[in-house]
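1. Below are the sequence and a predicted model for it; my questions follow.
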Amino acid sequence: MDIYVLLKKTFDTEEKINLDDGRIDEEGAEFIINPYDEYAVEEAIKQRDEHGGEVTVITIGDEDSEKQLRTALAMGADKAVLINTEDDLDEGDQYTTAKILEAFFEDKEVDLILAGNVAIDEASGQVGPRLAEALGIPYVTTITDLSIDGDNVRIEKDVEGDVETVETTLPLLVTCQQGLNEPRYPSLPGIMKAKKKPLEELELDDLDVDEDDIEPKTKTVEVFLPPEKEAGRVLEGEIQDQVKELVTLLRNEKKVL
């Protein structure tokens with residue numbers, strides 16, 4: 001099977017994030033594989049081990065994105081591709097990403113493409129479905145189980161706390177959700193092997209992509225951090241007095257009643 005994983009470098013939301021002139025200060029930020037993409041990498045490896053073939057991880061980014069690709073290779077992926085847009089693009093959005101990926105896959109034989117359900121930085125969930133539409137293949141989002149038998153595929157997906165079963169065929173694109181699997185940690189032997197695995201670097205010219213054709217369709221108006229949490233308040237006294245004080249606070253200070 002020819003299996004591809006769409007990977008994105010995102011900042012670690014568990015680390016401190018600073019803004020500089022309305023942008024995230026990347027110098028002080030910690031970057032990781034988008035957590036939902038880790039489920040995609042793990043599932044790709046599992047399907048390859050069961051059905052044969054190879055797993056290629058692909059990302060669009062800058063030179064620093066190689067670190068996340070090497071991590072995926074250490075997990076067990078076979079090959080990696082970095083589409084370096086550092087010198088070509090100042091801004092981009094989901095449309096931009098999908099168009100670049102469409103050009104990459106134009107001459108590729110594809111059985112299965114996996115991606116994360118959403119990226120934790122923008123959380124649009126658009127890139128996977130946009131790409132599948134462009135390639136003319138079926139797609140299923142937020143999957144929690146994937147079974148492949150020949151060209152036939154049986155999927156379970158999350159639907160607002162319930163489970164829906166979908167049957168479809170290859171080639172196919174899926175986006176992966178928590179609960180699909182438990183992503184493995186790269187082992188020391190895996191990290192050593194990853195250094196020797198092929199990592200191809202491409203630029204937009206290599207894909208015959210014109211910058212005018214991938215201009216973003218959206219614009220970021222403002223980036224800001226959420227307000228800091230206020231200190232909690234402990235109400236004292238008899239229960240009925242606490243209830244009255246709570247209602248007063250909710251009505252007069254928080255304006256929620």
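-> Received the coordinates, thanks.
2. For the rest of this, base every contact and every neighbour count on C-alpha atoms.
-> Noted.
3. Please name every helix or strand in contact with the longest helix along the chain.
-> Longest helix in the chain, counting residues (DSSP state H): helix 35-51. With contacts taken as 3 or more CA pairs under 8 Å, 6 or more residues apart in numbering; DSSP states H and E, helix 35-51 sits against strand 2-7, strand 54-61, helix 66-75, strand 112-116, strand 172-176.
4. Partner strands of the lowest-mean-pLDDT helix or strand in the chain and their direction?
-> Using mean pLDDT, DSSP states H and E, the weakest-scoring helix or strand in the chain turns out to be strand 23-24, at a mean of 72. If you go by DSSP bridges, strand 23-24 pairs up with strand 19-20 (antiparallel).
5. Give me the average confidence score over the strand it pairs with.
-> For strand 19-20, mean pLDDT is 74.
6. how would you label the closest residue to residue 125 other than its chain neighbours: helix, strand or coil?
-> The shortest distance from residue 125 to any non-neighbouring residue, by CA to CA, 6 or more residues apart in numbering, is to residue 118 (4.4 Å). Using DSSP: H, G, I helix; E, B strand; the rest coil, the structure places residue 118 in coil.
7. mind putting the helices and strands packed on helix 35-51 in CSV, mean pLDDT included?
-> Shown next, in CSV, are the helices and strands packed on helix 35-51 (pLDDT from 0 to 100):
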stretch, mean pLDDT
strand 2-7, 97
strand 54-61, 97
helix 66-75, 96
strand 112-116, 97
strand 172-176, 97
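8. just checking, next helix/strand downstream of the least confident helix or strand of the chain?
-> Past strand 23-24, further along toward the C-terminus, the next helix or strand under DSSP states H and E is strand 31-33.
9. and that next one, what's its mean pLDDT?
-> For strand 31-33, mean pLDDT rounds to 90.
10. I would like the residues contacting that strand, please.
-> 7, 8, 9, 10, 11, 12, 68 (CA atoms under 8 Å, 6 or more residues apart in numbering).
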